[in-house]
Structures are given as structure tokens and as C-alpha cells.
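**Student:** heads up, no residue letters with this:
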């Protein structure tokens, strides 16, 4: 076997999403210091992209990843906590999507959403992903394909 890297699994796929959203939050943060004339429009567009990415990500975790883990793991406290974190993030997303950009709370809500997501990602990386990879009978490679297919459908992409 020439390639010593393990095949990408569901955890790797989800973590790629985490990294992409982290970059979006970083770009948003940089815009908050910009004096450009169109900065408010750029922030609004970036916030919408962040909200869409997170909504799709939460959906595929809740529809596919978490239920499979619930069946495979004895200890599911971390999953319950992750689902509560999703609910909190969804609430903030709904607030951001409903807000007028001129509202002084807009930047603050996007920033807090980013902090929520940072915390959530750390817990998934440190607690949930290792348990998923150690679980018996869980085909994380096949699950990655299912997650990818569902994400593409939710994002309105054509599945190849």
C-alpha cells in the first residue's frame, strides 16, 4: 500500500467544514476593522454564507452523524451536549438572519456565534470524533459519502 494516509472518514469530512467556517469567521472579523465603503454589504453577505454553512452542517450532523453515533456508543452525554449547542447556534443564526445590518448588535452576534462554534468544534474534535473512530461497527468512510451527498443536496448542488 503506497498511500499510508487513512481514507477520509466522516470525522475528517465534518472537520473540513469546521475549518472552512473558521476561515469565514476570520474574514468577517477582518471586515469589522475595514473602512471600505461597501464593508456593510460584504459583512452581510459573509454572515449569510456563515449562517448557511452552519445550518447545513448542523443538519447533516443531526440527520446522519449523531443518530449513528447514538446507536454505536454507550456513552452519549457528549452528543446531547452537542445537540444543545446546535440549538443555541441555530437561535443565534435565526437572530442574525432576521437582523438589520445597521443594528449595532449584528457584529456582536456574529462574533458570539463564532465563539460558540469554536467551543463546539473543540468538543467534537476532542471527545466525539475519537469515540466515533473507536466505535465498533461504525463505517465512517461510508458515512462520509452519505454526509457529502446530503450536504450537496442541501446546498443545492448537483450530486455527481
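**Tutor:** Everything's here; your move. Only a predicted model underlies this, so the values are computations on that prediction, with no experimental measurement involved. Residues are numbered from 1 along each chain as shown.
**Student:** For the chain, which residues score under the pLDDT cut-off?
**Tutor:** Scanning the chain for pLDDT under 70 picks out 1-6, 101-102, 157-160.
**Student:** Show me where it has its helices.
**Tutor:** Here the chain has its helices, by DSSP state H, at 10-31, 39-60, 66-72, 77-98, 105-123, 129-134, 140-154.
**Student:** Any chance of these in a markdown table with mean neighbour count as columns?
**Tutor:** Every residue, glycine included, has its C-beta placed from N, CA and C. Shown next, in a markdown table, are the helices of the chain (neighbours: other C-beta atoms under 10 Å):
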| stretch | mean neighbour count |
| --- | --- |
| helix 10-31 | 16 |
| helix 39-60 | 17 |
| helix 66-72 | 16 |
| helix 77-98 | 15 |
| helix 105-123 | 16 |
| helix 129-134 | 16 |
| helix 140-154 | 17 |
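**Student:** Am I right that residue 109 is in contact with residue 94?
**Tutor:** No - if you go by C-beta atoms under 8 Å, residue 109 and residue 94 don't touch, sitting 10.4 Å apart.
**Student:** Identify the contacts common to the two.
**Tutor:** By C-beta atoms under 8 Å, 6 or more residues apart in numbering, residue 109 and residue 94 have no common neighbours.
**Student:** give me every residue that touches residue 61.
**Tutor:** Contacts of residue 61 by C-beta under 8 Å, 6+ apart are 14, 82, 86.
**Student:** what about the last one, distance to residue 45?
**Tutor:** So that's residue 86. Distance from residue 86 to residue 45, counting by C-beta to C-beta, to the nearest Å: 24 Å.
**Student:** Could I get the phi/psi values of residue 139?
**Tutor:** Backbone torsions for residue 139, taken as degrees, to the nearest 10, come to phi -90, psi 90.
**Student:** Residue 104 now?
**Tutor:** Dihedral angles (degrees, to the nearest 10) for residue 104: phi -60, psi -20.
**Student:** number of nearby residues for it?
**Tutor:** Around residue 104 there are 6 other residues, counting by other C-beta atoms under 10 Å.
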